[in-house]
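Chemist: Below are the sequence and a predicted model; questions follow.
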Amino acid sequence: MVSTLDDGRYWLDEIGGESRDVLVAGGGYIGLEMVETVLARGHRCTLLTRGRFLHTLDPEMGQRVVDAMRRAGADVREGVEVTGLDLDGDRVRGAQTADGTSVPADRVVLALGLTPRSDLVAGQLPLGSRRGLLPDARGRVDADRGVWAAGDCCEVHHRLLDERSFLPWARTPTSSAGRSGTTWATPPAP
């Protein structure tokens with residue numbers, strides 16, 4: 001978890017390794033944060049969103065953000081619905097889209113929004129009682145296959161109830177996005 005500037009410096013030093021192709025599925029604020037993290041670490045990034053990116057903003061403002069992401073190197077594709085993961089044995093190799101296209105990636109980040117759209121991975125990944133994804137404390141849903149998740153598509157540990165719960169509010173998605181980004185970008189220990 002990153003709580004202070006020193007924490008941030010530590011994680012920035014830890015994140016690195018070979019360049020990766022990362023696919024971010026989701027066109028909200030968590031998707032934006034993940035794209036920024038991916039690009040800042042020198043990885044290639046494709047963002048897919050089923051509608052207009054940042055649809056809660058005025059279209060002109062959302063377009064300015066999309067333009068800035070593209071200038072920074074992101075491949076932003078609006079109006080592209082992810083329908084499933086593209087697997088090669090036990091490794092993720094990208095995502096399938098509604099038009100039948102396979103978008104390649106060796107890391108997939110699911111930032112799917114306030115109402116978990118987990119139907120696209122049902123049967124491929126474990127889901128909780130509210131149909132949210134079940135990442136561990138570092139955002140790993142299935143690290144062996146290269147799948148992480150962050151944000152309101154996840155069920156997280158509720159400290160008071162000591163059980164998994166669906167908590168769609170700002171602190172949960174923001175903190176889970178930071179943990180997911182630092183976890184997948186950190187090379188495995190020898």
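Modeler: Nice, thanks for sending it over.
Chemist: beta partners for the residue most central in space within the chain?
Modeler: Centroid-nearest residue in the chain: residue 109, 2.8 Å away (criterion: C-alpha atoms, centre = their mean). Taking DSSP bridges as the rule, residue 109 bridges to residue 24, residue 148.
Chemist: Surely residue 38 is in a strand?
Modeler: No. Checked against DSSP: H, G, I helix; E, B strand; the rest coil, residue 38 lies outside a strand; its state is helix.
Chemist: List the single closest residue to it in space, sequence neighbours excluded.
Modeler: residue 45 (4.2 Å; C-beta to C-beta, 6 or more residues apart in numbering). In short, each C-beta sits where N, CA and C put it, glycine included.
Chemist: Which strands and helices lie in contact with the helix or strand encompassing that neighbour?
Modeler: Residue 45 is located in strand 44-49, with elements delineated by DSSP states H and E. If you count contacts as 3 or more C-beta pairs under 8 Å, 6 or more residues apart in numbering; DSSP states H and E, strand 44-49 packs onto strand 21-25, helix 29-40, strand 75-78.
Chemist: quick one, which of those is packed in tightest?
Modeler: Among the helices and strands packed on strand 44-49, ranked by average contacts under mean count of other C-beta atoms under 10 Å, first place goes to strand 21-25 (a mean of 26).
Chemist: Let me have that one in PDB, keeping just the CA atoms, if that works.
Modeler: Extracted in PDB, the C-alpha atoms of strand 21-25 (Å, rounded to 0.1, in the frame of the first residue of the first chain):
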ATOM      1  CA  ASP A  21       1.800  -5.300 -23.400                       C
ATOM      2  CA  VAL A  22      -1.000  -4.400 -20.900                       C
ATOM      3  CA  LEU A  23      -4.700  -4.300 -21.700                       C
ATOM      4  CA  VAL A  24      -6.900  -2.300 -19.400                       C
ATOM      5  CA  ALA A  25     -10.600  -3.000 -19.700                       C
END
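Chemist: I'd like the distance from it to the chain centre, please.
Modeler: Centre-to-centre, strand 21-25 and its host chain are 7 Å apart (C-alpha atoms, centre = their mean, to the nearest Å).
Chemist: show me what contacts residue 27?
Modeler: By C-beta atoms under 8 Å, 6 or more residues apart in numbering, the contact set of residue 27 is 47, 48, 49, 50, 51, 52, 53, 54, 55, 78.
Chemist: who wins for neighbours among those residues?
Modeler: Counting by other C-beta atoms under 10 Å, residue 47 has the largest number of neighbours within the contacts of residue 27, with 27 neighbours.
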